[in-house]
Each structure stands twice: as C-alpha cells, then as structure tokens.
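J.: this one's structure only:
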C-alpha cells in the first residue's frame, strides 16, 4: 500500500497498473470478479485498450489468495507460437506455486520429465529465480502441458485460478483454431483449475469468445467493463489537484472528463498534464494546454498508425470526423467522401477495425481511441 506521502507526490497514475489508492469506480466488477475467483468460475474480461483490465485482475488477485486458492498471473504478450506459450504457461505455474527453487525443481521433476531447464538467479538476494524449461514438440505433447495445473492442484490440494493477460495473442498463432481447440478440450474438464482470460485487442477477443464457430465460445462468464461514471471521477480529480494545493473547479473537471470521453487512462493523463500547466486555480486555458500536450505526446503513435493508410481509409476516417457513424454506403455519403463501391466500404471498415483505429458500438461506428480524432482534426482533415 502506498503511503500518504507517495499519494501526494503521485496524484494521478497512467501507463501502469493502478494501485489501491487510485483504484476507483470498479467496485461492482471487482465484487463479481472476486466471487468468480472464489467459486471457480471461468471469466473473460472485455474492454477497450487501457481501460484497467490488468489493474482490476491484480486487485482481485491480491484479495483472493489464501491457503486453498492460488492465483497465477501469465502475460502472453511476447508469445509468438504455440510452444512459446506452453513454455511460459508451465514456467509460470511451476514458479508461482513454489516459492523456493528446491520445491520448484522437485515439482518439475515429478510432473514434467524430459526437461532441460536453464535457471537464472536474480541478485542480490539470490532467492528470486527464473527458469527456461526448453519444452518442444519432441519433449512434450500439448495436452501434457495444458493438464499440468490440474495435476499440481490435485497434488497440493489447492484450487488454481490462472489469469492470462493478452490472451488474444493465441488468436494470431499459426493454425490458431487448432491450438484453441486443444486448450478448450483440456481446460473445460479440469475440476481444480479455472481461468480468467483478457487482453488489449477487443475485436480479436470478441471473435474468440462471442462467435459460436470458435472453440472458446461460452467458455465462461463475460464481464464487459463500462466507462467509469463522471460522478465518480469528479471528487477523485478534485482531491488529486487539492493534494498539490490547487483547485479544480467542477465545470473544468467535467470538461476534462468529456474531452477524453471518460477513457480511464486518458482521464488520469490529461489531469496530470493539466495540473502541471496550472496555477492555484485551474482555468480552461490550463485544460486546453494539457490537452495540447496530450495530443502531442501521442502524435508519434498516430503518425505510425496512419502513414500507410489508403486514400479510401483516410476518406472513411474523414467522414467519421464529420459525424458519419452509419450508412456509409448511402449514395450521398459515398459520393461526398469518395468511399468507392459498396463492397469497398465494407473492406475499408473491416481493415480499420483490424488496425484498432475504429470500433462498432450499438450499430454505430466510433473511434477506438478518443484522442485519435482530436489529432486527426489537426493533421489529416482538409
């Protein structure tokens, strides 16, 4: 837990998992997730990028750990193929269910034969260690690795909740559907292990968990994260400014939230940049300076995301900037923004969704990142 002094020094947090003193507005989801962890319910978290999924999971992890329930955290972001994942999967399970290397080695020897592990100790205490197992198709079948947590849980008489961050990476493996079928076929029969799966690419996760033709369809309880309400943000923001001896008027706090459409990470970042630009009382000018800094900080990313877009894709985004959210194929809209044929519009929309530049919500097409259209208005729109 942070000290009061640290809270004063760090009034707003972004770009990392949120700690206890900055964790707000997720009480309902936290209660549901904690209940799922405590009662062995598979869970899928659905939300756009940087909406606090990892913070929520780690918060639940810290509260549910006990002698009978052990929570394992795995980050699949750097897994590039099936056996890369199996190595990360087995290493995390063995490491996080055994505190000392001697215990780890005994467990590995008991449940996984034919290993050639490489062990690295971390200075200065030499008590922390990491292991590379060397699992390959020649040494182990996939089912043997996927069943490992159930075998260990039975042996130790505990229940495991395995949380896999960036799970959408599995969807990008070669022959991904076969890999997913293997996982589902093993995991769905485990009695002492459950899973919490989440990631940062919403459209890929939606394909994996919401399409009936995919192996993980109806795998567990799907928890969608909604925006944190403005009424929750306002006192938090005002308290953060107050901790630095500054006053954030309620109307300015309202504008701040609406500028970034209640996006959790951007609310925190814009608040920080505005705080740095302000004097004793925050003005609209200070807020606009903070927004300018926010757009500039993200400029390199947006340039990278747009530099290879086709003219049709840029035209589609321009139409959205002018308020078009549906009926892109309507004759007047199609001609005004030079969107091409009906089939071309469908291809353009799909490509922009895959690039995570746009999303769909309740039948409307929206920008996936609320700061992106603000940058577009300054740099792309004619």
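T.: Nice, I can see it. This one's a predicted model, so the numbers in the text were calculated from it and none came from an experiment. Residues are numbered from 1 along each chain as shown.

J.: What's the separation between residue 30 and residue 135?
T.: Residue 30 sits 35 Å away from residue 135, going by CB to CB, to the nearest Å. For the C-beta atoms, the positions are set from N, CA and C on the backbone; glycine is no exception.

J.: between these two, who's got more neighbours?
T.: Between residue 30 and residue 135, residue 135 has the larger neighbour count (other CB atoms under 10 Å), namely 25 against 16.

J.: which residues does residue 171 contact?
T.: 180, 204-205, 207-208 (CB atoms under 8 Å, 6 or more residues apart in numbering).

J.: One more pass at 7 Å, please.
T.: 204, 207-208 (CB atoms under 7 Å, 6 or more residues apart in numbering).

J.: ranges for the helices of the stretch 1-150 of the chain?
T.: Secondary structure of the stretch 1-150 of the chain (DSSP state H, counting those that start in this stretch): helices at 4-9, 27-38, 53-64, 82-96, 101-111, 142-146, 148-156.

J.: Which of those helices sits closest to residue 362?
T.: Proximity to residue 362, assessed across the helices of the stretch 1-150 of the chain by CB to CB, is greatest for helix 27-38 (20.2 Å).

J.: can you map out the helices along the stretch 251-382 of the chain?
T.: According to DSSP H, counting those that start in this stretch, the helices that the stretch 251-382 of the chain contains are 264-277, 284-297, 299-306, 311-321, 331-336, 342-354, 372-379.

J.: Tell me which of the ones you listed approaches residue 184 most closely.
T.: Per CB to CB, nearest to residue 184 of the helices of the stretch 251-382 of the chain: helix 342-354, 23.9 Å.

J.: Tell me how far that closest one lies from the chain's centre.
T.: Centroid separation for helix 342-354 versus its chain: 25 Å, with CA atoms, centre = their mean, to the nearest Å.

J.: hmm, back to that, by neighbours, which of the contacts of residue 171 wins?
T.: residue 208 (24 neighbours).

J.: pLDDT weak spots in the stretch 251-382 of the chain?
T.: By pLDDT under 70, the low-scoring segments of the stretch 251-382 of the chain are 381-382.

J.: ok, the contacts of residue 171 vs residue 235, which is closest?
T.: Nearest to residue 235 among the contacts of residue 171, with distances taken as CB to CB, is residue 204, at 35.8 Å.

J.: my read: the closest one touches residue 167, true?
T.: No: the pair residue 204 / residue 167 is not scored as a contact, 9.0 Å apart, by CB atoms under 7 Å.

J.: got the contact list for the spatially closest residue to residue 146 that is not a sequence neighbour?
T.: Leaving aside its chain neighbours, residue 146 sits nearest to residue 186 (4.1 Å; criterion: CB to CB, 6 or more residues apart in numbering). Shown in contact with residue 186 (CB under 7 Å, 6+ apart): 143, 146-147.

J.: Name the member of these with the most neighbours.
T.: Going by other CB under 10 Å, residue 146 tops these with 21 neighbours.

J.: Distance to residue 227 and mean neighbour count added to the helices of the stretch 251-382 of the chain, as a markdown table?
T.: Output for the helices of the stretch 251-382 of the chain, formatted as a markdown table (distance: least, CB to CB, whole Å; neighbours: other CB atoms under 10 Å):
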| stretch | distance to residue 227 | mean neighbour count |
| --- | --- | --- |
| helix 264-277 | 8 | 22 |
| helix 284-297 | 18 | 16 |
| helix 299-306 | 22 | 14 |
| helix 311-321 | 20 | 19 |
| helix 331-336 | 28 | 12 |
| helix 342-354 | 20 | 15 |
| helix 372-379 | 17 | 17 |
